[in-house]
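1. A structural model of the following input is requested.
(2 chains)
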Amino acid sequence: MTMGILIFLLILMVSCFFGGIVIRTKSVFAGRKGPGIFQPLKDEWRLFRKGSVYSNTSSFIFQIAPTVYFVSIILAITMIPLGNHAGLISFNGDFVFFAYLLTIGKFFNIISALDTGNSLEGMGASREALYSMLAEPAFFILMASFALLTGHTSFQGIFGSLHFYTYISYAVGFLAAFVFVIIALIENSRMPVDDPKTHLELTMVHEVMILDNSGFDLGLLLHASNLKFAMYGAIISNFFLTPGSELYYTIPIFILTQVLFAVLVGFIESFMARFRLNHNPQYIFTLTSVTLLIFLGVMLMLGKIA
Amino acid sequence: MDPFYLIFGTLIPSLISLIAIPLLPEKNKSAGAFILVFLTALISSIPAIQVLCFHHIVEAEVFLNYPIGTVLLRIDPLSAWFILIINLTCLCGSFYGIGYMSSYKDQKNNITLHWIMYVILHTALIWVCMVQNGLAFLLVWEIMSISCLLLIIFEHQKSETLRAGLIYLVQMHMGVALLSVGFIWVYIAEGSFDFAAIGTYFSHNSPIILFLIFFIGFGFKAGFLPLHTWLPHAHPASPSHISGIMSGVIVKMGIYGILRIITYLDSEWLRIGIAMLILSLLTSFYGILNAAVHRDYKKMLAFCTIENIGIIGMGIGLGLIGKGTGNDYLFYLGFSAALLHTLNHSLYKALLFFTAGNIYQQTHTRNMEQLGGLIKVMPVTAIAFLCGSLAIGGLPPFNGFISEFLIYTGLLDGMKSPNVELNVLMILSIAVLAIVGGISMLTFTKSFGTIFLGSPRKSFDHPPKEVSVIMQIPIGIMIGIMLLIGIFPNYLLLIIQPVVQVFNSAYLPSPALAVLDPTLMMVGRISFLLIVLVALLYFIRSRRTKATEVIYGPTWGCAYIVPNPRMQYTGKSFTKTLAKMFSVFTDEKKEYRELQDTDVFPTTETHYISHYNEFFETRIIDPLDKRLLRLMNYFSFIHNGRTQMYILYGLLFILVFIAATFLNLI
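-> Numbers count the residues shown, from 1 in each chain, chains lettered A, B, ... in the order given. Below you'll find the model as predicted:
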């Protein structure tokens, strides 16, 4: 329980500077000095105190959706373990619950975009729904492969008993971390699927969905995005935490992985252009085939196929 | 009370309905029918609850005349489970019907027939679950199908409705034909129409072919993949409370039949299970894909039923694989998931059809592209639809998640099998289930968004308003039950335990329960926590927002200043990308005139029509149908309308017979 709270607080802490590191990395690569790494947090704080503007078209769905989105991510975070220490909530099959929790948040986010009656927001909503649908099987195949490998079906069971000992296992671990990085980028609507800095509503995905949000709600949405990053970063860092090691190893590795992940996101955004919108589905669906490779690797490791 | 009286007591309300409903004044007919349905439900629920809670099986025997013989009526846990589902859905349906049918008060005779058939249908459904004799079963099954047909074609003045009824009738009878073949097969082999004879047959023969015959026979009712084409026609055509019980319980009778036959299986579980799992995966994927593209919201719900039948089938398949491989945990997970999903689906699908009925009653259109902004005028309906959408997408805190969670757990457990093929099958099933979940989210965000959110796309002569309280009550009750299942799923698992044992009497559920019970308790608690946290944060947010300045204005139009409601994103465009990706199955037909070079300023009005065709119907069934008709055309000279010729045919027939007797051919 204490460990669970510690992990939760760690992820919350990382979420406070994650966005800052991404922005800072981007500005360094662009040759600018850039804002401090706590700037996004300060922006959010300002938003929390600001007033709001609501559209006459929108209904209570629009008002409740950011709350549901935020809570769904907070609850999902409580399920993340740290090596062999369980998160606040842990049970068999918790990763299924995890995925469905995130879906609830997305569901409300999408209908709140449709609630404004703006055609461009509908467009973004439709894309978000499609992309998350396409990314879903990758997550499930990946987690199911590890469930097969370790014989456990909870996050903690999987990551607690995951250890690398053969060449294949390193390959599998690397691929899995790679898949999670891409999933995190897709779920957060970052490059190369979506450009958060684009100025044209027509080509936006996530940004256009929150055009009408303001004040407290916008603050929730922005911080939820950072939380999501920190959450996926925490999952990725679990691949690098060897079980059984002491906390004074685990926590620095955890924070280091998160920072590296944030730098990587900034790096990708500085040096990659976004894809054409109609190429996105193919790109996202390719992930599923990568996860099938992981499944194949797991089968090899278990000696089921020669 | 003696179970014999209880079982036959269910017939009394139907008999009363024949006399009472015609005599009642128009405005009380529906209430009268509700009371009769309530009585039937009450009488049949007593033995059902006895069976489920006190584990003793209720039996009665009747002796009928020659061809049928002694008919065994029996309520075992499986029947009891289905009877309770039927009662719940039919009760809610008839209560909802009181409000829904009030707008048809002027059609006096039609309403009388409708409510009589409703009561009879309810009784027939219960009897289908009790009868244990092939011929008697076919009889009850037929009463159920026919009474349902008469309920479907309530609006018989519309040719579209009649056509839907016809499609339903033909397909049901193809199913009945196969079922008859199955029962006669058993009769020839074992000399008895009793269901137990199927068990004896299976114990010393390969079950594959006979099982296939029964499966296809029942599959017509359930709507498994190539047999599903009646659903998208019949559901939109019937009144909404009928669509609700049709989707909620009548298609489930197909599932009941399949489950009943499975209880008699004695070998080949693994092979049948794998086939069932694969077919179910295809069914659910195909169903949800079509649901995503259709704009008629009742048709969308009908396709969604096909998806859910697939999910139930997945559970059955997993259970069979578990039994075949000797994996007790998987066996338990599979069958309990299938049984729970049957209940869950009957709840939220009926709920969704009822809300669809609310929309139709107020707007008289089934095209979601003409709606919009209904949440402002019909908030209760909107919230109910939202709850149904969340539940059907398998999202916590509603009940849909519980059964999907069990299936995921089953798939993950089935993966541990040493069999490599099973490993691959399971991982692919997980992927398909995840995609189905994703498309389901797409479908319901689209439907909810297009129907209820944004601004109205069309102004109606009678502005839509919230429906009467009497239509809201059953909806509220169903949402309540759905939430209860979602938050306390582990109690339901205890109730379902004797039902699972029907499939394997030697099986002891305690080890599986010991693992599953804490997990489900946890799921329930977190679902509850989700609600509490949302309420808490929303409270904080409201306090905060109240303390600051709140301005209301128009939606940010991205710098465009004269937006109009027709510029809103449509449901069709919402799923257009998906439809294009799977264009093999979602065949879009467009009708429009291409603009010519000379049409710089078109003077004539142009029309653009586009709709999605159903793959199996337009690509497979219709072409086959056409070929068959063309072939039959060659024989049309036979029925030429001349009486002389017909008499000649008769004479020829007799002559052929006489000749055949002389030659000892017959």
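2. going forward, measure contacts and count neighbours with C-alpha atoms only.
-> Noted.
3. and residue A:185, what helix or strand is that in?
-> Per DSSP states H and E: residue A:185 is located in helix A:167-187.
4. Residue B:375 too?
-> helix B:374-377.
5. Likewise for residue B:612?
-> strand B:608-614.
6. Only C-alpha atoms, please: export the helix holding residue B:375 in PDB.
-> Written as PDB, here are the backbone C-alpha positions of helix B:374-377 (Å, rounded to 0.1, in the frame of the first residue of the first chain):
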ATOM      1  CA  LEU B 374     -32.000  16.100 -28.800                       C
ATOM      2  CA  ILE B 375     -30.200  16.100 -25.400                       C
ATOM      3  CA  LYS B 376     -31.600  19.600 -24.700                       C
ATOM      4  CA  VAL B 377     -35.200  18.500 -25.200                       C
END
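7. Which strands and helices lie in contact with it?
-> Counting contacts by 3 or more CA pairs under 8 Å, 6 or more residues apart in numbering or on different chains; DSSP states H and E, helix B:374-377 is packed against helix B:379-392, helix B:420-452.
8. ok but residue B:603 is inside a strand, no?
-> No: assessed with DSSP: H, G, I helix; E, B strand; the rest coil, residue B:603 is coil; it does not lie in a strand.
9. Please, where are all the strands along the stretch 401-550 of chain B?
-> Assigned by DSSP state E, counting those that start in this stretch, the strands in the stretch 401-550 of chain B fall at B:550-553.
10. Same question for the stretch 1-150 of chain A.
-> With DSSP E, counting those that start in this stretch as the criterion, the stretch 1-150 of chain A has strands at A:52-55.
11. Flag the shaky bits of chain A, pLDDT-wise.
-> Applying pLDDT under 70 to chain A flags residues A:242-245, A:306.
12. which ones are touching whichever residue of the stretch 151-300 of chain B sits closest to chain A?
-> Going by CA to the nearest CA, chain A is nearest to residue B:292 of the stretch 151-300 of chain B, at 11.2 Å. Shown in contact with residue B:292 (CA atoms under 8 Å, 6 or more residues apart in numbering or on different chains): B:300, B:439-440, B:442-444, B:575.
13. from those, which are also near chain A?
-> For chain A, the contacts drawn from these by CA under 8 Å from any CA of the partner chain are B:439, B:442, B:575.
14. Doesn't residue A:240 lie inside a helix?
-> No: counting by three-state DSSP, one finds residue A:240 to be coil, located in no helix.
15. list the contacts for residue 111?
-> Assuming you mean chain A. A:61-62, A:65, A:125, B:445, B:448-449, B:453.
16. wrong chain, I was asking about chain B
-> Listed by CA under 8 Å, 6+ apart, the contact partners of residue B:111 are B:29, B:104-105.
17. Now the element after the helix or strand harbouring it, going C-ward?
-> When secondary structure is defined by DSSP H and E, residue B:111 falls within helix B:108-130. As assigned by DSSP H and E, the chain's next helix or strand after helix B:108-130 is helix B:134-152.
18. which secondary structure element contains residue 266?
-> Picking chain A for this. Per DSSP H and E, residue A:266 falls inside helix A:247-271.
19. what residues does that helix touch?
-> Under the contact criterion CA under 8 Å, 6+ apart, helix A:247-271 has outside partners A:14, A:18-19, A:21-26, A:29-30, A:82-83, A:181, A:185, A:190-192, A:230, A:233-234, A:236-238, A:240-241.
20. 6 Å instead, please
-> The contact list for helix A:247-271 (CA atoms under 6 Å, 6 or more residues apart in numbering or on different chains) reads A:21-22, A:25-26, A:191, A:233, A:237.
21. One more: stretch B:47-61?
-> Outside stretch B:47-61, the residues touching it (CA under 6 Å, 6+ apart) are B:4, B:71-77, B:80.
22. Could you tell me which of the residues you listed are located in strands?
-> Counting by DSSP state E, the part of the contacts of stretch B:47-61 found in strands is B:71-75.
23. List only buried entries from the residues you listed.
-> Neighbour-count burial within these applies to B:71-75; the criterion is 16 or more other CA atoms under 10 Å in any protein chain shown.
24. Which of the residues you listed lies at the shortest distance from chain A?
-> Taking CA to the nearest CA as the measure, chain A sits nearest to residue B:75 out of those, at 35.1 Å.
25. Count the residues that sit near the closest residue to that closest one other than its chain neighbours.
-> If you skip the residues right next to it in sequence, residue B:75 has residue B:58 as its closest partner in space, 5.2 Å away by CA to CA, 6 or more residues apart in numbering or on different chains. By the criterion of other CA atoms under 10 Å in any protein chain shown, residue B:58 has 21 neighbours.
26. contacting residues around the closest residue to chain A within the stretch 301-450 of chain B?
-> Across the stretch 301-450 of chain B, the shortest distance to chain A (CA to the nearest CA) belongs to residue B:438, at 4.1 Å. Residue B:438 makes contact with residue A:133 under the criterion CA under 6 Å, 6+ apart.
27. Looks to me like residue B:60 is in a strand.
-> Yes: under three-state DSSP, residue B:60 sits within a strand.
28. Tell me the spatial nearest neighbour of residue 210, not counting adjacent residues.
-> If you meant another chain, say so; for now it's chain A. For residue A:210, ignoring the flanking residues on the chain, the nearest one in space by CA to CA, 6+ apart is residue A:113 at 6.8 Å.
29. please go with chain B instead
-> Of all residues not flanking residue B:210 in the chain, residue B:182 sits nearest, at 6.4 Å (CA to CA, 6+ apart).
30. Secondary structure element for that neighbour, which one?
-> Residue B:182 belongs to helix B:159-190, assigned by DSSP H and E.
31. Which element is encountered next along the chain beyond that helix?
-> Next helix or strand after helix B:159-190 toward the C-terminus (DSSP H and E): helix B:195-204.
32. Now do that next one: everything it contacts.
-> B:132-133, B:264, B:266.
33. show me where pLDDT drops low in chain B?
-> Within chain B, the set of residues satisfying pLDDT under 70 comprises B:1-2, B:66, B:559, B:561, B:666.
34. roughly how far is the helix or strand hosting residue B:84 from the heart of the chain?
-> Taking DSSP H and E as the criterion, residue B:84 maps to helix B:77-100. Centroid separation for helix B:77-100 versus its chain: 13 Å, with CA atoms, centre = their mean, to the nearest Å.
35. What residue spans form the domains of chain B?
-> With domains defined by automatic domain parsing, chain B comprises B:269-505+B:515-546, B:567-594+B:607-662.
36. So for stretch B:417-434, what gets flagged as buried?
-> Of all the residues in stretch B:417-434, those buried under the rule 16+ other CA under 10 Å are B:417, B:422-434.
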